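Student: Here is a sequence together with a model predicted from it:
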Amino acid sequence: MPDPNPDRSDIGDYLENSDIIDFDHLLVAQTVEQLTYGLKDNLSKAREIYEFTRDHIFNSFDINATSVTKTASEVLDKGHGVCFAKAHLLAALMRASGIPAGFCYQTLYSENLERLIIHGFNGVYIQELDSWVRIDACTPVDTNGWGFDPFKESTVRSVREEIGESDDYTVYHVPSKKLVKALSVADTLDELINLIPSEI
């Protein structure tokens, strides 16, 4: 499996605040402070942030949410987001704690839609590992599984190339504009699902 490849050489680009990755929002800042209180190293902080986003922020489709969230603070406030939106939150929480984080994408086949769609998750740089690690906060994991470590075992699903699925190992410093636009114009999940593109 190829190593994740950042699209920018300046690590500082993966620590930027933005309208979407709004970690300067009070709610985001307070959440990071609570999650990482007393933790000294980035690896421990990253685990806490990942597990919080995975286990306490619902996938919008799983709960038949009535709204579409986009910014990190919206996802945190509402408690749900589709895969791209959860990735926005995870990146914001990581960046707020000083951990460089970006965005990764796969093209996957949707059985419900009967077509290929983009799936979004994250890449984070862990100083103690001296490497970028791809993690997917939408992948259900048995948290009671003995010894499971998201930063040693991949949470990213395998692609089935024979049906057209593909994996992009690039770690982008900003979210896909196409996906942000889809989240911006859709008022409901029914609208959103038809706007999810098959390529970023």
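Tutor: Arrived safely.
Student: drop to CA atoms for contacts and neighbour counts, all remaining ones
Tutor: Fine.
Student: Now the most centrally placed residue in the chain: closest residue in space that isn't a chain neighbour?
Tutor: The chain has Ala87 as the residue nearest its centroid, 2.1 Å off, counting by Cα atoms, centre = their mean. Using Cα to Cα, 6 or more residues apart in numbering and skipping the chain neighbours, the partner closest in space to Ala87 is Phe121 (5.2 Å).
Student: Ok, Ser176 next?
Tutor: With Cα to Cα, 6+ apart as the criterion, Ser176 has its nearest non-adjacent residue at 6.0 Å, and that residue is Ile200.
Student: contacting residues for the residue nearest to Leu189 when sequence neighbours are not counted?
Tutor: Closest residue in space to Leu189, ignoring its immediate chain neighbours: Val68 at 6.4 Å, by Cα to Cα, 6+ apart. Counting by Cα atoms under 8 Å, 6 or more residues apart in numbering, Val68 touches 60, 81-82, 183, 186-189, 192.
Student: Quick one: mean pLDDT over the helix or strand where Val133 lies.
Tutor: Element membership for Val133 (DSSP states H and E) is strand 131-135. Strand 131-135 carries an average pLDDT of 96.
Student: What helices and strands are in contact with that strand?
Tutor: strand 115-126 (3 or more Cα pairs under 8 Å, 6 or more residues apart in numbering; DSSP states H and E).
Student: So for the residue nearest to Ala87, what's the pLDDT?
Tutor: Reported pLDDT for Phe121: 97.
Student: Run a quick neighbour tally on it.
Tutor: Neighbour count of Phe121, defined by other Cα atoms under 10 Å: 26.
Student: State the distance from the residue lying farthest from the centre of the chain to Tyr109.
Tutor: The C-alpha centroid of the chain is most remote from Glu162, which lies 25.8 Å away (Cα atoms, centre = their mean). Taking Cα to Cα, to the nearest Å as the measure, Glu162 falls 11 Å from Tyr109.
Student: How about Tyr50?
Tutor: As defined by Cα to Cα, Tyr50 lies at a distance of 25 Å from Tyr109.
Student: Check Ala182 too.
Tutor: Distance of Ala182 to Tyr109, computed by Cα to Cα: 18 Å.
Student: Pull out the buried positions in the strand holding Val133.
Tutor: Neighbour-count burial for strand 131-135, with 16 or more other Cα atoms under 10 Å as criterion, is recorded at 132-135.
Student: could you dump stretch 17-33 to PDB, C-alpha only?
Tutor: Output of stretch 17-33 as PDB, limited to C-alpha atoms (Å, rounded to 0.1, in the frame of the first residue of the first chain):
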ATOM      1  CA  ASN A  17      -8.200  27.800   9.900                       C
ATOM      2  CA  SER A  18     -10.900  28.500   7.300                       C
ATOM      3  CA  ASP A  19     -14.600  29.100   6.900                       C
ATOM      4  CA  ILE A  20     -15.100  25.300   6.700                       C
ATOM      5  CA  ILE A  21     -12.400  24.100   9.100                       C
ATOM      6  CA  ASP A  22     -13.400  26.700  11.600                       C
ATOM      7  CA  PHE A  23     -11.400  25.600  14.700                       C
ATOM      8  CA  ASP A  24     -11.400  29.200  16.000                       C
ATOM      9  CA  HIS A  25     -15.100  28.600  16.800                       C
ATOM     10  CA  LEU A  26     -15.600  28.600  20.500                       C
ATOM     11  CA  LEU A  27     -17.400  25.200  20.500                       C
ATOM     12  CA  VAL A  28     -14.600  23.600  18.600                       C
ATOM     13  CA  ALA A  29     -12.000  25.100  20.800                       C
ATOM     14  CA  GLN A  30     -13.700  24.000  24.000                       C
ATOM     15  CA  THR A  31     -14.200  20.500  22.700                       C
ATOM     16  CA  VAL A  32     -10.600  20.100  21.900                       C
ATOM     17  CA  GLU A  33      -9.600  21.400  25.300                       C
END
